[in-house]
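Visitor: When you get a sec, could you give me coordinates for this:
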Amino acid sequence: MLKGDEQVFYLHGEPVNKSSLFEIGSVSKPLFALLASQLVTEQAWSLDMPVAQLLDKQYRHHNYSLQQLLTHRSGLPRLPTNLTPISMDDPYALFGDEALAEALSASNSAPGVFEYSNYGYGLLGWLMAENFKVSQSNMVEKYLFDNLAMEHAQLAITGSKQTKLSGQDYYGDNLPNWHFDSLVGAGGVLASPQDMANWISAYWLSPETNPTLAKSINNSLALLNDDMAYAWRVGQQGQYFHGGRTAGFSTMVVFNPKKQVAVITMVAGERDAGKIAMTLFEQLQNKDK
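Guide: Now for the predicted structure:
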């Protein structure tokens with residue numbers, strides 16, 4: 001739980017501590033979107049820019065805007081049509097650049113209608129790395145993890161090795177960890193409770209020593225439509241939230257930057273982090289009334 005500059009951790013389970021690495025799943029999306037916000041504030045990209053402008057000519061049919069990509073209204077499906085994993089134990093592991101190029105060649109639905117898209121955020125991460133001319137791992141290390149004091153955070157890139165927790169199923173048996181290649185922006189961040197606390201508290205404790213990051217953070221909270229900012233869903237009472245799941249992990253973040261409060265729930269098991277976080281956040285809000 002976060003309140004102002006106070007961080008309170010409630011840890012359960014023998015191997016868990018503030019530096020334990022969890023798979024945060026789709027909570028990776030607002031982290032990658034924060035970097036897109038930086039590109040917009042620096043005017044390297046614009047929200048109304050067609051994504052086709054960032055791709056080779058044969059992909060000119062990707063005429064949806066960056067804003068539509070950020071808000072899941074690009075017309076891209078939830079998953080690429082050619083994502084056919086050899087094993088569902090690690091479904092994204094072998095989907096690399098060649099597979100992404102093949103996926104981009106397929107036709108899209110018309111933009112404008114909401115359809116949650118892991119494909120879209122995977123593409124966003126890949127496009128940003130192309131823009132910076134670095135790998136996605138080096139990109140997030142330099143522009144996100146270092147700047148947000150996320151000292152334990154890593155990307156679960158296929159072939160890399162990390163010391164991380166194992167998720168568990170309903171019976172308490174360990175489940176395989178997930179790995180990502182080109183689509184890592186969809187859900188491939190590994191982060192510790194301390195990493196998450198440092199990241200989320202930055203939405204109201206913007207670092208004065210890093211004006212670029214401060215501008216990016218403030219911009220990333222701006223509404224892009226009725227109920228979404230940069231990947232974050234926005235509630236009627238000013239709360240921002242996003243959840244994430246992999247095979248054995250569940251994560252939920254909910255925070256109110258004006259009230260400077262947040263609840264971050266990270267579970268390496270079957271418990272629903274979303275329900276836990278929302279219940280605790282409501283109690284925290286009511287306590288301050």
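Visitor: Would you double-check that residue 138 falls in a helix?
Guide: Yes. Using DSSP: H, G, I helix; E, B strand; the rest coil, the assignment for residue 138 is a helix.
Visitor: Enumerate every residue touching residue 59.
Guide: 52, 104-105 (Cβ atoms under 8 Å, 6 or more residues apart in numbering). C-beta coordinates here come from the backbone N, C-alpha and C atoms, glycine included.
Visitor: Relative to residue 10, which of the residues you listed is nearest.
Guide: residue 104 (43.6 Å; Cβ to Cβ).
Visitor: Nearest spatial neighbour of the closest one, chain-adjacent residues omitted?
Guide: Counting by Cβ to Cβ, 6 or more residues apart in numbering, residue 59 is the residue found nearest to residue 104 once chain neighbours are left out, at 4.9 Å.
Visitor: which of the contacts of residue 59 tops the neighbour count?
Guide: residue 104 (20 neighbours; other Cβ atoms under 10 Å).
Visitor: Point out where the chain drops to low pLDDT.
Guide: Scanning the chain for pLDDT under 70 picks out the ranges 288-289.
Visitor: mind listing the helices for it?
Guide: 28-41, 66-70, 97-105, 118-132, 136-140, 193-201, 211-220, 273-287 (DSSP state H).
Visitor: want to try JSON lines for those helices, with distance to residue 3 as columns?
Guide: Below are those laid out as JSON lines (distance: least, Cβ to Cβ, whole Å):
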{"stretch": "helix 28-41", "distance to residue 3": "20"}
{"stretch": "helix 66-70", "distance to residue 3": "29"}
{"stretch": "helix 97-105", "distance to residue 3": "41"}
{"stretch": "helix 118-132", "distance to residue 3": "30"}
{"stretch": "helix 136-140", "distance to residue 3": "27"}
{"stretch": "helix 193-201", "distance to residue 3": "9"}
{"stretch": "helix 211-220", "distance to residue 3": "18"}
{"stretch": "helix 273-287", "distance to residue 3": "8"}
